[in-house]
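A.B. asks: Need coordinates for the following:
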Amino acid sequence: MFAIEAVFDQKTEEEIYAYWQGLKETGLDDSMIRIPGNRPHISLGLFHGVERTMFIDAFREFAKGVKPMAVQFDSVGVFPTTNTVFLSPLPSQAFHQAHEKLYKALSEFAAKGDSYYKKEQWMPHCSLAISVSEEALLPVMENAIQRFQPIKGTIERIALIEVFVNENGIHHVEEVSLDKD
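C.D. replies: I've put the predicted structure just below:
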């Protein structure tokens with residue numbers, strides 16, 4: 001399985017990592033830290049069973065024209081069906097245009113894309129905790145809300161990662177710095 005992720009500037013990444021670390025230190029959740037190779041991000045797409053070489057070529061073509069984008073997290077949310085607690089970015093036209101461009105560039109792989117990341121269902125978010133137990137969900141939410149400070153930053157890179165559903169976690173296949181010109 002491959003994911004395409006928007007990756008932040010170092011300061012933003014550190015601020016989000018501090019949330020992860022705080023949840024771990026309180027004993028509430030370490031789900032994001034526990035995944036080998038994981039780092040703060042917003043997933044733009046998730047694709048299952050694609051031909052690797054062709055997919056990497058399409059990813060590279062997509063990433064060429066994407067510019068750095070401002071990102072601002074102003075709220076905390078939860079997906080109750082997966083018990084995921086997250087930071088939600090303010091919607092920006094540039095961000096949604098980049099997402100739309102991704103799906104145009106990868107149109108030949110659309111049938112293998114996870115439906116939650118398609119335009120009609122995509123809710124951009126940066127996970128703070130995933131698959132939280134029922135009994136820990138409210139305490140994790142409370143922790144995130146109590147710690148909450150708006151975060152302003154920049155999406156500086158797009159990463160293509162390979163996700164393993166075992167102890168191998170995440171393998172960064174390629175990461176592209178966005179063209180500032």
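A.B. asks: hey, let's count contacts and neighbours off CA atoms from now on
C.D. replies: OK.
A.B. asks: Report the mean per-residue pLDDT for the helix or strand hosting residue 58.
C.D. replies: Element membership of residue 58, judged by DSSP states H and E, is helix 52-64. What helix 52-64 shows for mean pLDDT is 91.
A.B. asks: Please work out which residues outside that helix touch it.
C.D. replies: By Cα atoms under 8 Å, 6 or more residues apart in numbering, the residues outside helix 52-64 that reach it are 101, 102, 105, 106, 109, 158, 160, 176, 178, 179.
A.B. asks: which stretches of this protein have low pLDDT?
C.D. replies: 165-169, 180-181 (pLDDT under 70).
A.B. asks: again, 50 this time
C.D. replies: Scanning the chain for pLDDT under 50 picks out nothing.
A.B. asks: residue contacts, the residue positioned nearest the centre of it?
C.D. replies: Residue closest to the average C-alpha location in the chain (Cα atoms, centre = their mean): residue 42, at 2.3 Å. Counting by Cα under 8 Å, 6+ apart, residue 42 touches 5, 6, 7, 124, 125, 126, 127.
A.B. asks: coming back round to it: now whichever helix or strand comes after the helix holding residue 58: buried residues?
C.D. replies: Following helix 52-64 in sequence order, the next helix or strand is strand 69-79 (DSSP H and E). In terms of neighbour count (16 or more other Cα atoms under 10 Å), strand 69-79 has its buried residues at 69, 70, 71, 72, 73, 75, 76, 77, 78.
A.B. asks: Tell me how far residue 128 lies from residue 175.
C.D. replies: 22 Å (Cα to Cα, to the nearest Å).
A.B. asks: higher neighbour count, these two?
C.D. replies: Comparing residue 128 with residue 175 by other Cα atoms under 10 Å, the one with more neighbours is residue 128, at 28 against 17.
A.B. asks: The more buried one: what secondary structure?
C.D. replies: Secondary structure of residue 128, reduced to three states by DSSP: H, G, I helix; E, B strand; the rest coil: strand.
A.B. asks: what's around the closest residue to it other than its chain neighbours, how many residues?
C.D. replies: Of all residues not flanking residue 128 in the chain, residue 86 sits nearest, at 4.9 Å (Cα to Cα, 6 or more residues apart in numbering). Residues near residue 86, counting by other Cα under 10 Å, number 21.
A.B. asks: before we move on, what about the one 4 residues further on?
C.D. replies: Other residues within reach of residue 90, judged by other Cα under 10 Å, total 15.
A.B. asks: now do the one 5 residues further on
C.D. replies: The local packing count at residue 95 equals 22, with neighbours defined by other Cα under 10 Å.
A.B. asks: Which secondary structure element is home to it?
C.D. replies: When the helices and strands are read off by DSSP H and E, the one containing residue 95 is helix 93-105.
A.B. asks: and the helix or strand that contains residue 135 with strand 69-79, angle?
C.D. replies: Using DSSP H and E, residue 135 sits in helix 134-147. Relative orientation of helix 134-147 and strand 69-79, computed by axes from the mean of the first three to the mean of the last three Cα atoms, to 10 degrees: 140 degrees.
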